[in-house]
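>>> dropping the sequence and predicted coords here.
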Amino acid sequence: MAPEIVSAQGAELRSDLFSVGVILYEIVTGTPSRCRKNPEVPAGKAPIDKVLEKIILKATAKERKGALLQRFRDAPGFAGLS
C-alpha cells in the first residue's frame, strides 16, 4: 500500500502506480516488497536489467519528502510514453 494511503493523506493516481511497482518488484525478485530493507532491487534467479530496476525504484519511492515528485505522474509516464 502506498505510504500516503497508510498515513491517511489520501490516494491518487500515483498511489496506483506505486502498487504496480510493488507487483513488479515481487515478480522480479520472488519476495514480498515488505521484506525490502534497502533502496536496491535484489536479483532473483536471474540478473535484473538496470532500466527495469530504475523503473521499480521510481515507482516505489517511499520517502514522503519529495517522494510524490520522484514517482511517475501518470500511466503514460510509467510506460515511457510521455
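Structure's in. What do you need? Residues are numbered from 1 along each chain as shown.

>>> buried sites along stretch 28-35?
Val28, Thr29, Ser33 (16 or more other C-beta atoms under 10 Å). (Glycine included, C-beta is placed from N, CA and C.)

>>> any chance of the residues you listed in CSV with pLDDT and distance to Pro47 as columns?
Listed next are the buried residues of stretch 28-35 as CSV, based on pLDDT from 0 to 100; distance: C-beta to C-beta, whole Å:
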residue, pLDDT, distance to Pro47
Val28, 86, 10
Thr29, 84, 12
Ser33, 77, 19
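
>>> filter these down to the ones in strands?
The strands in this structure, assigned by DSSP state E, contain none of these.

>>> wait, which of those is closest to Lys50?
The nearest member of the buried residues of stretch 28-35 to Lys50, counting by C-beta to C-beta, is Val28 at 12.3 Å.

>>> list the contacts of the residue nearest the centre of the chain.
By C-alpha atoms, centre = their mean, the chain has its centre lying nearest to Thr60, at 2.2 Å. Thr60 makes contacts with Phe18, Gly21, Val22, Tyr25, Ser33, as judged by C-beta atoms under 8 Å, 6 or more residues apart in numbering.

>>> nearest to Asp74 among those?
Nearest to Asp74 among those is Phe18, at 12.8 Å by C-beta to C-beta.

>>> nearest residue to the closest one other than its sequence neighbours?
Excluding the flanking residues, the one nearest Phe18 by C-beta to C-beta, 6 or more residues apart in numbering is Ala2, at 4.0 Å.

>>> distance of that neighbour from Ala59?
Distance, Ala2 to Ala59, using C-beta to C-beta, to the nearest Å: 10 Å.

>>> do the same with Phe78
7 Å.

>>> Pro42 too?
From Pro42 across to Ala59, the span is 16 Å (C-beta to C-beta).

>>> hang on, the earlier thing: list the contacts for the residue nearest to Phe18?
Residues near Ala2 by C-beta under 8 Å, 6+ apart: Ala11, Arg14, Ser15, Phe18, Ser19.
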